[in-house]
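Engineer: This is the structure alone, sequence omitted:
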């Protein structure tokens, strides 16, 4: 058995990072606050713990080669809770001299008005959550520059796939039930979508290849699709037309009166009202990782939704 890799978070990113590492032959430990997850990856160990309160010198960290930060608080609690959570995990990595690989999104870049985002794109957040992401990422690389810890950051765009509950419910389950699918903003704007399995593979590569250290990497996500194009592919797979509805600021604000996470989407609508495109050439060129074809992503996600009913 190869080195032990420890993952904070058992959502879709934690799950598929674990599966990728297991396929590489590594020992994997998953941590969450409940010590439970549905259908945990075969061969992984699942532990109940809390990054905020665990002893940083706990025995579980002694043989760990790399730590993956795939956890996050509720969407509407980012400002209050996210930096504290990640700082706790950073402290664990520093004290135990382990690599730290962090999953991030693209919020810190802000609105590039259609210009593709690369790893060199300047930070210019235009949302509260983008500001939080920028500050958290800067903290990581400051620790790296000071020689305290080896860090690699992997960033993906809005993602979907098996075990991803939000789009799984809002888009795929709704389409299977022949309900109108709620989408965001302008449905004819090109948008990069990241597949959750590809995100997990990218995180696993960043944690096992020394070339990744000290750098930012974008998950290979393929060509951008408009939401109408996604609906057309979904319709083709299902064999019947999928009806869609564009949801804008007004409707989200109304829903947000009763659903706090929905209200948090209002400031992120810029992603869907102009082209929102990720460039991932660096990771493709360096590691040979490529994206899963969109038709396959849709089929696998639909199969997972069907299996949950």
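Structural biologist: Received it, and whenever you're ready, just let me know what you need. Everything numeric in this text was worked out from a predicted model, so none of it was measured.
Engineer: Would you map the strands across the stretch 51-200 of the chain?
Structural biologist: Along the stretch 51-200 of the chain, the stretches classed as strands by DSSP state E, counting those that start in this stretch are 64-69, 99-104, 151-155, 159-160, 181-184, 194-195.
Engineer: Let me know the pLDDT of the residue nearest to residue 54 when sequence neighbours are not counted.
Structural biologist: Computed as CB to CB, 6 or more residues apart in numbering, the closest residue to residue 54 that is not its neighbour in sequence is residue 92, at 7.4 Å. C-beta here means a position set from N, CA and C on the backbone, and glycine is covered the same way. Looking at residue 92, its pLDDT stands at 96.
Engineer: before we move on, back to that, compare the strands of the stretch 51-200 of the chain and give me the one nearest residue 308.
Structural biologist: Smallest distance to residue 308 across those (CB to CB): 14.4 Å, for strand 159-160.
Engineer: surely residue 304 meets residue 162?
Structural biologist: Yes - with contacts counted by CB atoms under 8 Å, residue 304 reaches residue 162, the gap being 3.5 Å.
Engineer: okay, the two: which has more neighbours?
Structural biologist: A direct count of neighbours by other CB atoms under 10 Å for residue 304 and residue 162 places residue 162 higher, at 21 against 15.
Engineer: What are the phi and psi values at the more buried one?
Structural biologist: In terms of degrees, to the nearest 10, the main-chain angles of residue 162 are phi -60, psi 140.
Engineer: now residue 5
Structural biologist: phi -120, psi 130.
Engineer: So which bits of stretch 79-89 are buried?
Structural biologist: 82, 83, 85, 86, 87, 88, 89 (16 or more other CB atoms under 10 Å).
Engineer: show me where pLDDT drops low in the stretch 201-309 of the chain?
Structural biologist: Applying pLDDT under 70 to the stretch 201-309 of the chain flags the ranges 248-263.
Engineer: And the helices in it, which stretches?
Structural biologist: Counting by DSSP state H, counting those that start in this stretch, the stretch 201-309 of the chain has helices at residues 227-238, 249-256, 260-264, 270-273, 281-287, 294-308.
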